[in-house]
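> A predicted structure for the sequence below; I have some questions about it.
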Amino acid sequence: MTRFTSLELCAGSGAQALGLERAGFDPVMLIDNNEFACRTIGLNRPQWDVRCRDLMNFDPLDEDEPDLRKVLDIDLISGGMPRIKAAAAVARRGGDDHERALLKAAVSVLMAVRPKALMLENLEGFVLSDDCAEDRSWIDAELENLGYRPFWNVLDAADFGVPQYRRSGFVVALADAYRHGFVWPVPSSDPPPTVGQALGLSMGANGWPGAERWAVAADRPAPALIGGSDNRGGGDLGPTGSKRVWATIGVEGASLSDASPAADFPIDGRPRLSVRQAATLQAIPETWQIFGPKTRAYRQIANAMPPPVAEAVGRSIATALCDGAPSTI
């Protein structure tokens, strides 16, 4: 496999970088301002250069930080951007919001680095909603002025073997020499795993006699995990509507557990998810350690891009880069 280099912005727990690594991209640097997320990446990939800093203050051309210049010769800039609020709502408050400012900062980094490709991920509404049309037009204009062709799409994690319905919006951009080789990944023809298939064994790990019956009844993929932000949410499975959906699957969504149900848990009870089980529903491998207390760890997991989705998009980008590479013959 041809290997490429990348710069990861808003890296979070590293799940997206893990998927891109599988697709052939080795990060030269990863940036995130959450110390728990940075520690998580360091636990799992100590060889990666993780910078725990605010993207708003990251300038690869800063003469006072010459070591940042190593990102100037990379193939891909990738990032899991925070949720973007509707422009109209921000205007009513009288100014830009931090999430939109981060998006502009990512485009500024692109202008400085000029990689072959860009991949940014956000919620599906950013791609589909009329409220975000102004932002999409601005991004298109900026990318085209820089010589990139933008591609927009919404992908569902369940179409790529993840036991969860989770729709993510993407913008991928390729420099002119590589634009003709990009094709979005094709969803799998196989049905996604159900919650019961993904978590049945772990639910019975401590001897709960109801685990097998629970797994049969939990016969569909999970709804999207919701992690909240550092200021709100994250200790449960989301707002009331989400908890109702979880209840129909047989999961108590009001809080998280520390472990799988014990042997004396009611046979017809509704178990809670552990942090590790939440990671399984995101297709994050058991070997990927999550640093921090329960709520902090869950937020990292629930806000992550499932690695199989990142891998699928990454492979499409890698194919385009290979197709556009100059011949060595």
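Done, it's in. Numbers count the residues shown, from 1 in each chain.
> dump the residue contacts of residue 135.
Applying CB atoms under 8 Å, 6 or more residues apart in numbering to residue 135 gives the contacts 84, 87, 100, 103, 126. (C-beta placed from N, C-alpha, C; glycine too.)
> where do the helices sit along the stretch 51-200 of the chain?
Remark: helices assigned in the stretch 51-200 of the chain by DSSP state H, counting those that start in this stretch are 87-92, 98-113, 124-128, 133-145, 195-203.
> how about those helices in a markdown table, adding mean pLDDT and distance to residue 296?
Compiled in a markdown table, the helices of the stretch 51-200 of the chain are given as follows (pLDDT from 0 to 100; distance: least, CB to CB, whole Å):
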| stretch | mean pLDDT | distance to residue 296 |
| --- | --- | --- |
| helix 87-92 | 52 | 28 |
| helix 98-113 | 93 | 20 |
| helix 124-128 | 88 | 26 |
| helix 133-145 | 94 | 30 |
| helix 195-203 | 98 | 21 |
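> can I get these in TSV including distance to residue 71?
Putting those into TSV (distance: least, CB to CB, whole Å) gives the following:
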stretch	distance to residue 71
helix 87-92	30
helix 98-113	6
helix 124-128	25
helix 133-145	19
helix 195-203	37
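> which one of the ones you listed lies closest to residue 4?
Ranking the helices of the stretch 51-200 of the chain by proximity to residue 4 (CB to CB) places helix 98-113 first, at 13.8 Å.
> may I have that closest one as PDB, with CA atoms only?
Extracted as PDB, the C-alpha positions of helix 98-113 are listed here (Å, rounded to 0.1, in the frame of the first residue of the first chain):
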ATOM      1  CA  HIS A  98     -16.500  29.700  17.900                       C
ATOM      2  CA  GLU A  99     -17.400  26.700  15.700                       C
ATOM      3  CA  ARG A 100     -17.700  28.700  12.500                       C
ATOM      4  CA  ALA A 101     -14.400  30.500  13.500                       C
ATOM      5  CA  LEU A 102     -12.700  27.100  13.800                       C
ATOM      6  CA  LEU A 103     -14.000  26.200  10.300                       C
ATOM      7  CA  LYS A 104     -12.400  29.400   8.900                       C
ATOM      8  CA  ALA A 105      -9.200  28.600  10.800                       C
ATOM      9  CA  ALA A 106      -9.100  25.200   9.100                       C
ATOM     10  CA  VAL A 107      -9.400  26.800   5.700                       C
ATOM     11  CA  SER A 108      -6.600  29.200   6.700                       C
ATOM     12  CA  VAL A 109      -4.400  26.300   7.500                       C
ATOM     13  CA  LEU A 110      -5.200  24.800   4.100                       C
ATOM     14  CA  MET A 111      -4.200  28.100   2.400                       C
ATOM     15  CA  ALA A 112      -0.800  28.000   4.200                       C
ATOM     16  CA  VAL A 113      -0.100  24.200   3.700                       C
END
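> hmm, back to that, make CSV out of the contacts of residue 135 and add distance to residue 301 and neighbour count.
Putting the contacts of residue 135 into CSV (distance: CB to CB, whole Å; neighbours: other CB atoms under 10 Å) gives the following:
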residue, distance to residue 301, neighbour count
84, 21, 21
87, 30, 17
100, 25, 19
103, 23, 24
126, 21, 26
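> closest one to residue 251 out of those residues, please.
residue 126 (28.2 Å).
> distance-wise, check residue 153 relative to residue 104.
Counting by CB to CB, to the nearest Å, the gap from residue 153 to residue 104 is 22 Å.
> and residue 127, by the same measure?
Residue 127 is 18 Å from residue 104, by CB to CB.
> more neighbours, these two?
residue 127 (18 against 14; other CB atoms under 10 Å).
> that one: what's it in contact with?
So residue 127 contacts 136, 152, 153, 154, 169, 170, 171 (CB under 8 Å, 6+ apart).
> same check, this time on residue 37
Neighbour list for residue 37: 11, 12, 13, 14, 300 [criterion: CB under 8 Å, 6+ apart].
> can you do 7 Å?
Shown in contact with residue 37 (CB atoms under 7 Å, 6 or more residues apart in numbering): 11, 12, 13, 300.
> three-state assignment of the last one?
Meaning residue 300. At residue 300 the chain is in helix, as set by DSSP: H, G, I helix; E, B strand; the rest coil.
> out of everything not next to it in sequence, what's closest to it?
Nearest non-adjacent residue to residue 300, counting by CB to CB, 6 or more residues apart in numbering: residue 13, 3.9 Å away.
> same question for the second one.
Nearest residue to residue 12, sequence neighbours excluded (CB to CB, 6+ apart): residue 37, at 5.1 Å.
> what pLDDT does the model give the one you found?
As predicted, residue 37 sits at a pLDDT of 98.
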